[in-house]
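Asks: prediction below, plus the sequence it came from.
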Amino acid sequence: MSTEFEVNLTELENLVARLAGLAGFIADHLDDIDDKVAGLQGTGWEGVAAQAYTDAHRQWALGAREFAEGIQDMSEAAKAAHGRYTRAIAANARILSSGQP
């Protein structure tokens, strides 16, 4: 029993671009958020609540950056897969056109 396997290289290429764009978008916005949070310091907001917010933001930002890095890693993996599929298609075409079994 055989099953067909097909890869749409155009869609894979689009996925690579969209994932990379999303990772960049998130990273840029995280930088903006960090700048705004840093701007809260020295405004008179002090005490337990200010410290709790700073700690929570630091933890959240770390997780959000890890998420963005994971998205970038997925983009790079999809890009590598695109290259491998492209080379496999070219190799198969050479074999088929040469008449070799």
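Replies: In hand now; what should we look at? Keep in mind it's a predicted model, so treat the numbers as computed, not measured.
Asks: contacts and neighbour counts: CA atoms only from here.
Replies: Will do.
Asks: give me the low-pLDDT residue ranges for the chain?
Replies: The model of the chain has pLDDT under 70 over residues 1, 100-101.
Asks: where exactly do the helices run in it?
Replies: Counting by DSSP state H, the segments of the chain that form helices are 9-38, 48-98.
Asks: now do the buried residues in the shortest one.
Replies: Put plainly, it is helix 9-38. Neighbour-count burial for helix 9-38, counted by 16 or more other Cα atoms under 10 Å, picks out 12-13, 15-17, 19-20, 23-24, 26-27, 30.
Asks: out of those residues, who's nearest G63?
Replies: G63 lies nearest to L30 out of the buried residues of helix 9-38, by Cα to Cα, at 10.9 Å.
Asks: let me see the contact set for the closest one.
Replies: Contact partners of L30, counting by Cα atoms under 8 Å, 6 or more residues apart in numbering, are 61, 64-65.
Asks: of those residues, grab the buried ones for PyMOL.
Replies: With 16+ other Cα under 10 Å as the burial test, the buried ones among the contacts of L30 are selected in PyMOL as follows:
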select buried, resi 61+65
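Asks: among the helices of the chain, which is nearest S2?
Replies: Between S2 and the helices of the chain, the shortest gap by Cα to Cα is with helix 48-98, which sits at 17.8 Å.
Asks: just how off-centre is the closest one within its chain?
Replies: On the basis of Cα atoms, centre = their mean, to the nearest Å, helix 48-98 is displaced by 4 Å from the centre of the chain it belongs to.
Asks: that one vs helix 9-38, what angle?
Replies: Angle of helix 48-98 versus helix 9-38, following axes from the mean of the first three to the mean of the last three Cα atoms, to 10 degrees, is 160 degrees.
Asks: what's helix 48-98 packed up against?
Replies: Packed against helix 48-98, as judged by 3 or more Cα pairs under 8 Å, 6 or more residues apart in numbering; DSSP states H and E, are the following elements: helix 9-38.
Asks: just the C-alpha atoms of stretch 75-82, please, in CSV.
Replies: Only the C-alpha atoms of stretch 75-82 are listed here, as CSV (Å, rounded to 0.1, in the frame of the first residue of the first chain):
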residue,chain,number,x,y,z
SER,A,75,10.6,29.5,10.9
GLU,A,76,14.3,28.4,10.6
ALA,A,77,13.2,24.7,10.7
ALA,A,78,10.6,25.3,8.0
LYS,A,79,13.2,27.1,5.9
ALA,A,80,15.6,24.2,6.2
ALA,A,81,12.9,21.8,5.3
HIS,A,82,12.1,23.9,2.2
